[in-house]
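# Sequence and predicted structure, then a few things I'm wondering about:
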Amino acid sequence: MQVEFEKVDAYEPDRTLKGKLRRRLIRLAHRRPAKVALERPMVSFSFDDAPATACEAGAKALETRGLRGTYYFAAGLTGRDGPMGRFATGADARRLHDAGHEIACHTFSHLDCGQSSKATTLADVDQNAASLAQWGTGDPVSFAYPYGDVGAPAKAALAGRFKTLRALHHGLIADGADLNQAPAVGIEGADGEAVANSWLDKAKTRKAWLILYTHDVAEAPSQWGCTTGALERLIDRAVAEGFDVVTVAEGARRIGL
């Protein structure tokens with residue numbers, strides 16, 4: 001019997017002045033500075049929420065080039081329909097894992113970690129970890145805050161649990177970057193490819209680690225996704241210019257985590 005899931009609607013985190021100030025101030029607290037010394041720049045291609053298209057077209061773009069990516073799964077979304085299309089399933093996650101991709105944690109319910117308490121955050125993350133274990137994809141070592149948002153309770157609670165905790169503010173992982181709220185750059189929207197290219201320039205110059213993220217990967221993507229062509233061009237450029245293309249877990253290992 002097919003299980004019917006409630007459709008997932010788009011959610012907007014706190015955009016008030018108070019919310020904006022909290023997001024800026026939390027970047028100064030509970031920090032874990034990175035120590036980075038790379039011979040070549042690195043780039044990771046990651047996919048938030050794991051829409052089915054990211055697990056198909058996104059995976060194919062990497063695999064045909066002998067590369068792998070990181071998929072941040074929120075198990076409570078799996079199989080449901082949302083603003084980025086159908087979300088992937090646990091079976092999709094296992095297939096990706098078996099192919100060498102990284103399956104990472106994005107909370108179970110796609111929790112707003114900017115509003116959640118310590119207890120709620122830990123319970124939600126534990127539930128997600130249990131789902132990933134049931135799928136056979138291993139114990140996640142990488143985490144991304146849903147919506148890129150985080151408050152002090154959640155950041156403090158998760159600080160020692162994962163090798164990297166990724167946010168959404170632009171930047172590079174270089175010496176001093178906060179691994180408990182790591183920067184990333186989105187390949188999304190009309191200018192997503194151009195923005196990603198500009199950060200590839202910066203990463204190459206500084207021999208730093210750049211994490212790129214998107215959501216769906218399709219010829220007509222949502223506002224949070226990118227086209228297959230844009231993803232392929234960015235991958236090809238990174239390879240041609242000498243970047244090491246690594247999963248987030250492998251990037252963390254290479255900087256000594």
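Yes, it's here.

# And the host helix or strand of L210, what does it pack against?
Here L210 is covered by strand 209-214, with elements defined by DSSP states H and E. Applying 3 or more CB pairs under 8 Å, 6 or more residues apart in numbering; DSSP states H and E, we find strand 209-214 packed against strand 42-48, strand 185-186, helix 192-206, helix 248-254. No exception for glycine: its C-beta is placed from N, CA and C like everyone else's.

# Setting aside sequence neighbours, what's the nearest residue to R86?
If the residues on either side of it in the chain are set aside, R86 comes closest to A52, at 4.7 Å by CB to CB, 6 or more residues apart in numbering.

# ok, that neighbour touching A88?
Yes: using CB atoms under 8 Å, A52 is in contact with A88, at 4.8 Å.

# who has more neighbours, these two?
In this view A52 and A88 are compared by other CB atoms under 10 Å, and A88 has more residues nearby, 25 against 21.

# just checking, the more buried one touches G58?
No: using CB under 8 Å as the test, A88 is too far from G58 to be in contact (10.3 Å).

# and the biggest helix by length in the chain, how far from the chain's centre?
The residue-count maximum for a helix in the chain (DSSP state H) belongs to helix 118-135. How far helix 118-135 lies from its chain's middle: 17 Å, per CA atoms, centre = their mean, to the nearest Å.

# which other residues reach it?
73-76, 90-91, 93-94, 97, 103, 105-109, 111, 113, 116, 138-140, 143, 153-154, 156-158, 161 (CB atoms under 8 Å, 6 or more residues apart in numbering).

# Buried subset of these as a ChimeraX selection?
ChimeraX command restricting the contacts of helix 118-135 to the buried ones, with burial defined by 16 or more other CB atoms under 10 Å:
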select :73,74,75,76,90,93,94,97,103,105,106,107,108,109,111,113,116,140,143,153,154,156,157,158,161
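
# Return the worst-scoring helix or strand of the chain on mean pLDDT as PDB; C-alpha atoms alone will do.
In the chain, the helix or strand scored least confidently by mean pLDDT, DSSP states H and E is helix 17-26, which has a mean of 77. Extracted in PDB, the C-alpha atoms of helix 17-26 (Å, rounded to 0.1, in the frame of the first residue of the first chain):
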ATOM      1  CA  LEU A  17      15.200  43.000  12.500                       C
ATOM      2  CA  LYS A  18      15.600  40.900  15.700                       C
ATOM      3  CA  GLY A  19      16.100  37.700  13.600                       C
ATOM      4  CA  LYS A  20      18.700  39.500  11.400                       C
ATOM      5  CA  LEU A  21      20.600  40.600  14.500                       C
ATOM      6  CA  ARG A  22      20.500  37.200  16.000                       C
ATOM      7  CA  ARG A  23      21.900  35.600  12.800                       C
ATOM      8  CA  ARG A  24      24.700  38.100  12.800                       C
ATOM      9  CA  LEU A  25      25.600  37.800  16.500                       C
ATOM     10  CA  ILE A  26      25.500  34.000  16.600                       C
END
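
# following the longest helix of the chain, which helix or strand shows up next?
Later in the chain than helix 118-135, the nearest helix or strand by DSSP H and E is strand 142-144.
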